[in-house]
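Chemist: Got a predicted structure plus its sequence, pasted below:
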Amino acid sequence: MMETLSPIALGALGSLAAGMMTALGAVPMLFFRRPGEQTQRVLLGFAAGVMLAASFFSLIIPGVAVLQDGGAGKGTAAAAMAAAVLIGATVIGLLNRFAPVDMLAIGPAGSRDLARRIWLFIIAITLHNFPEGAAVGVSFGGGDMNQGLATALGIGIQNMPEGLAVSAAMASLGYGRWPAFAAATASGLVEPIGGLIGASVVGLLPGALPWGLGLAAGAMIYVVTAEIIPETRGRAKGEGSMIGLMIGLVGMMFLDIALG
């Protein structure tokens, strides 16, 4: 059956399957009671740790590898990825400063400032899923079924803690279980769009993928370090938020290295 599908169709389906793993990762939030303030900080710290690890191990390092596989030297690949990260961070910083992001600062509970920061965080997670989906699409688009399946499986498993991160962020805004689960599912549905485009243009723009990975990494690093970590540290009692951050970071790091 799969052999009869075109590489573009396989790329779209593979990235859809990987993206839907975010929903699987969010399932535990369906069984949590509404978290208290301290629990919210721990969950938000966990989400920040997941995103920091994903930025480096799921985006930056693979982006450098793609550039080197394309013939770039180590220095050139590192410089290109550094530029992409800086551009991504600058864009999200300008969005934070000049765009009406405060319109998104809504939630059943919590301060408007906290809501704005968390929505920025969710936007950054969703944006980063696009180049991940493109990576799956490119793998299938090259015609290598085994490579495509391995990429889809690896990214899919890595998406599980990201789904939990999104649902935890929504819960920290005061949303209920099902809205938090729905938000995590929606964030993963960006991946098949990236997969379809990635599989379609693999022969036309082979150099676009690493730049997309770097831009997404820069956006996430900016939001996590400039918005989320200061928020969790400023309001947390004790070291709960940092424990959550370290668990999220190490857990995501382990998955990325083990599945690498």
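Modeler: Perfect, thanks for sending it. Remember, predicted model here, so these are calculated numbers, not experimental data.
Chemist: Only C-alpha atoms from now on, for both contacts and neighbour counts.
Modeler: Fine.
Chemist: Tell me which helix or strand comes right after the helix or strand of the chain with the lowest mean pLDDT.
Modeler: Lowest on mean pLDDT, DSSP states H and E among the helices and strands of the chain sits helix 229-235, with a mean of 68. Remark: after helix 229-235, the chain's next helix or strand is helix 240-259, criterion DSSP states H and E.
Chemist: helices or strands up against that following helix?
Modeler: helix 37-53, helix 145-172, helix 229-235 (3 or more CA pairs under 8 Å, 6 or more residues apart in numbering; DSSP states H and E).
Chemist: okay, the angle between the following helix or strand past the longest one and helix 145-172?
Modeler: In other words, helix 145-172. Moving toward the C-terminus from helix 145-172, the next helix or strand (DSSP H and E) is helix 177-188. Angle, helix 177-188 to helix 145-172, by axes from the mean of the first three to the mean of the last three CA atoms, to 10 degrees: 140 degrees.
Chemist: Show me what the helix or strand following helix 177-188 is in contact with.
Modeler: Sequence order places helix 190-201 as the next helix or strand after helix 177-188, per DSSP H and E. The contact list for helix 190-201 (CA atoms under 8 Å, 6 or more residues apart in numbering) reads 7-9, 11-16, 18-19, 126-127, 129-142, 209.
Chemist: Can you flag the buried ones in those?
Modeler: In the contacts of helix 190-201, burial by neighbour count holds for 7-9, 11-16, 18-19, 126-127, 129-142, 209, counting by 16 or more other CA atoms under 10 Å.
Chemist: Do I have it right that residue 170 meets residue 182?
Modeler: No. Using CA atoms under 8 Å, residue 170 is not in contact with residue 182; the gap is 9.8 Å.
Chemist: more crowded one of those two?
Modeler: Between residue 170 and residue 182, residue 170 has the larger neighbour count (other CA atoms under 10 Å), namely 26 against 16.
Chemist: shaky segments in the stretch 101-250 of the chain?
Modeler: Scanning the stretch 101-250 of the chain for pLDDT under 70 picks out 101-117, 141-144, 146-147, 201-206, 231-238.
Chemist: if you set the cut-off to 50 instead, what comes out?
Modeler: 101-106, 109 (pLDDT under 50).
Chemist: coming back round to it: please identify which of the helices and strands packed on helix 240-259 is closest to residue 97.
Modeler: helix 229-235 (17.0 Å; CA to CA).
Chemist: any idea how far residue 158 is from the residue lying closest to residue 54 once chain neighbours are set aside?
Modeler: Among residues not flanking residue 54 along the chain, residue 252 sits closest, at 6.7 Å (CA to CA, 6 or more residues apart in numbering). Per CA to CA, to the nearest Å, residue 252 is found 7 Å from residue 158.
Chemist: Helices - which of the contacts of helix 190-201 land there?
Modeler: Of the contacts of helix 190-201, the ones assigned to helices by DSSP state H are 7-9, 11-16, 18-19, 126-127, 129-141, 209.
Chemist: Now do the buried residues in the helix or strand hosting residue 214.
Modeler: Under the criterion of DSSP H and E, residue 214 resides in helix 208-223. By 16+ other CA under 10 Å, the buried positions in helix 208-223 come out as 209-223.
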